[in-house]
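K.L.:
Fold the following.
(2 chains)
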2 protein chains.
Amino acid sequence: MALNAIRSLAQRRARVGSPAVDQPPRLGEADRLEVPAQPVVQDRLKSDVLPYFPRLIVQGAVILLADCTDVRKKAGPGLRESFMKKIVTAGEILVEIMATQVGQTFLTPGPLIGPFPSGAPAIFIDQAGRLGQPAGIISSVGADDFGVLNIRRLEASGVDVSAIAVHEGAATGSAFVRYNRDGGRNFVFNIRDSACGLIELDAAARSLLASADHFHVMGSSLFSERVIAVVKAGIDAVKARGGTVSFDPNIRREILSAPGMREALNFVLERADVFLPSGDELFLFTKARSEAEAAAEILARGVRAAVVKKGAAGAVCYDASGAVHSPAFAVEEVDPTGAGDCFGAAFVSFWLRGDETERALRLANACGALAVTKKGPMAGTASLAEAEAFLESRT
Amino acid sequence: MALNAIRSLAQRRARVGSPAVDQPPRLGEADRLEVPAQPVVQDRLKSDVLPYFPRLIVQGAVILLADCTDVRKKAGPGLRESFMKKIVTAGEILVEIMATQVGQTFLTPGPLIGPFPSGAPAIFIDQAGRLGQPAGIISSVGADDFGVLNIRRLEASGVDVSAIAVHEGAATGSAFVRYNRDGGRNFVFNIRDSACGLIELDAAARSLLASADHFHVMGSSLFSERVIAVVKAGIDAVKARGGTVSFDPNIRREILSAPGMREALNFVLERADVFLPSGDELFLFTKARSEAEAAAEILARGVRAAVVKKGAAGAVCYDASGAVHSPAFAVEEVDPTGAGDCFGAAFVSFWLRGDETERALRLANACGALAVTKKGPMAGTASLAEAEAFLESRT
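P.N.:
Model (predicted):
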């Protein structure tokens, strides 16, 4: 009990103290913790907690987490994983190259900016890592600068990159994006025949899965039989030990016709605990045509939380206790790419931490909003401190 | 005889009158031509030449090519090919994306410019087409904007694009280039696993080869067994009907170890009439270590012209009659990519037209120089008028 409380306090501090935030967290009432004087608790404190938190101040029966800005570095994966559930995902890592002017085409040379680290599951896991959640990804890149760029970025966000294979002779996947005057986007992708096409369940991937509490599936990643096999193995591994699964259909028209795609989507949905469709994607899996009825249908299939993402209109979470709506935040949009992935990662992270739906949704909306304010799919992924500061500025 | 003279005059005019040059050519003494009054000559003039040259002025025994700015459009491929030898090549079509700042890396997002049409054999054939030479390429692109960009560009330069296959689901090849402070360049390529990897000898490729008088080989294109097979078929087809072959080793370190590469390079050299090594590439195929001895060794193997490209130091052509050196032109370098390809295409075009080595080298150096003055691998390919105007400005 006391250890759970320490764990929760450390969690809170770990979030605040993400490596990207340099200022020491302020101490509040919540940072004080009564510790029972029983020897067994004191012993576990000394053996399991204090070695990792050198500045943890124990004053009699009260401990203060006085300075945990470097908790994550100091604590090491072992302690972090004992405190928080680890999210693992599998799928495409890409570089993204963007046209800089609205209305620009790719039929003539023009100004571009890039390469940005990207790929829907990579953005998702980067956001989870930035929020302090233990996180890892099974993926594959080429032995080129674009692979290095992505691995460095994910590593800096605290993501476990041990299962990102580097393939000599393969090219890191890429996405070129341009912006139409009507607000739409157009892409030129190189995914299936890039290093992404070589994603497989190798020893490193199995080892990462062995540490996972939760598996996240991006529909966009189901682009080949090979990745589908990895995703199914990931779901099975996590489910076998009582873990949970989240699923963002994130359906790219280009791959809806891929072999095994439809069957794979249903396989994932049958096993999903959290379902994160964007707008009409909800109806891809239901007979019902009204949102509430469709959500009820999804919940009846075993999903515990169905969160409908509606962009600027916010999000609604349907679960056993009803529906909670949470409005989006109006921000100046610089680059919408990745906002839905950031929303999803934040919701899943706080859902895994046992936070209330309302708080999880608000933080997810904050992360989604912050994501669109920066150019680059991962440039706007926020730490908890940043997300909370944003929420504070809006209340 | 008279027809040959008309042909040569029309050739000269066709070059001047490339579609990219809008001002009507000036008439000089060389544009006047005595035509024998024999009925057979007059008949062939009427049937084979006049229909295609509506503004050809026949004054008694003198014809004037008064206005041929649109000769190529009007003449159509039939006549052009009866006048000039057709060059065909096979290999990679790419888009090129460039870092805009010297010293920029690909490990962080930065300003880029592109996509530019590119690929060594594509640049070569674009330059040949721009010089008015009948030209075609066997290649393959994805069904994306990058493929369209390249096909449009080559088409606009007069290149036969009928054997460029468009593959649904494959990505057009790409090359990202960045410039080091020491003057060197670094690339991130996606070639082998792009649409380029699907180049094959399909019906369109066979049909293009059936119209070829000359086949050009870029060493960079020998990146897979599949393309090597196409290149061998091209050489065999052209040689079987008495045509000629040119070979630019253009060796990219990344592919020297590709399966069958070494054997393929030797296969091509054994059949080459024109050999276009850059600097030390000459010695890759010889025992001799001095340039003159190495060139003699190459000529002894059946090569008719060995042209050593030396960048800013100009070029030397070795053939049966000795060595001709031609200095390069000092220009302000904006982008070196493609200069060697443009040099080669110009040399081969004028060699095929039977021009003197000195003139062919000078025009090739002019095309190489003009190529580096524009950003983009094909942006600087010059028409004959542009190359001649440049030469005039330098004398």
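K.L.:
now the residue in the stretch 251-395 of chain A that chain B sits nearest to, nearest residue through space, not along the chain?
P.N.:
Proximity of the stretch 251-395 of chain A to chain B (C-beta to the nearest C-beta) peaks at residue A:376, 6.1 Å away. C-beta: built from backbone N, CA, C; applies to glycine. Among residues not flanking residue A:376 along the chain, residue A:116 sits closest, at 4.1 Å (C-beta to C-beta, 6 or more residues apart in numbering or on different chains).
K.L.:
which SS class is the residue of the stretch 251-395 of chain A closest to chain B?
P.N.:
Reduced to three states with DSSP: H, G, I helix; E, B strand; the rest coil, the structure at residue A:376 is coil.
K.L.:
Identify the residues contacting the closest residue to residue A:181 other than its chain neighbours.
P.N.:
Spatial nearest neighbour of residue A:181, excluding adjacent residues (C-beta to C-beta, 6+ apart): residue A:103 at 4.8 Å. Counting by C-beta atoms under 8 Å, 6 or more residues apart in numbering or on different chains, residue A:103 touches A:179, A:180, A:181.
K.L.:
Would you state the helices of the stretch 251-395 of chain A in chain order?
P.N.:
A:261-271, A:291-300, A:339-352, A:357-372, A:384-393 (DSSP state H, counting those that start in this stretch).
K.L.:
for these, which one sits closest to residue B:271?
P.N.:
Closest approach to residue B:271 among the helices of the stretch 251-395 of chain A is made by helix A:261-271 (47.8 Å; C-beta to C-beta).
K.L.:
any bit of that closest one sitting next to chain B?
P.N.:
No - figure legend: helix A:261-271 not in contact with chain B (C-beta under 8 Å from any C-beta of the partner chain); closest approach 13.8 Å.
K.L.:
So what angle separates the directions of that helix and helix A:291-300?
P.N.:
Interaxial angle of helix A:261-271 relative to helix A:291-300 (axes from the mean of the first three to the mean of the last three C-alpha atoms, to 10 degrees): 80 degrees.
K.L.:
so what are the domain limits for chain A?
P.N.:
Listed by automatic domain parsing, the domain ranges of chain A are A:2-18+A:84-393, A:31-81.
K.L.:
Now the residue of the stretch 251-395 of chain A closest to chain B: phi and psi?
P.N.:
Main-chain dihedrals, residue A:376, degrees, to the nearest 10: phi 120, psi 130.
K.L.:
The contacts of residue A:103, buried ones only, as a ChimeraX selection?
P.N.:
Only the buried entries of the contacts of residue A:103 go into this ChimeraX selection, using 16 or more other C-beta atoms under 10 Å in any protein chain shown:
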select /A:179
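K.L.:
need the residues of the stretch 251-395 of chain A near chain B, please.
P.N.:
So far as C-beta under 8 Å from any C-beta goes, the stretch 251-395 of chain A lies against chain B at residue A:376.
K.L.:
where in the stretch 251-395 of chain A is pLDDT low?
P.N.:
Within the stretch 251-395 of chain A, the stretches with pLDDT under 70 are A:252-255.
K.L.:
so how many other residues sit close to the residue lying closest to residue A:137 once chain neighbours are set aside?
P.N.:
Among residues not flanking residue A:137 along the chain, residue A:125 sits closest, at 4.7 Å (C-beta to C-beta, 6+ apart). By other C-beta atoms under 10 Å in any protein chain shown, 35 other residues sit near residue A:125.
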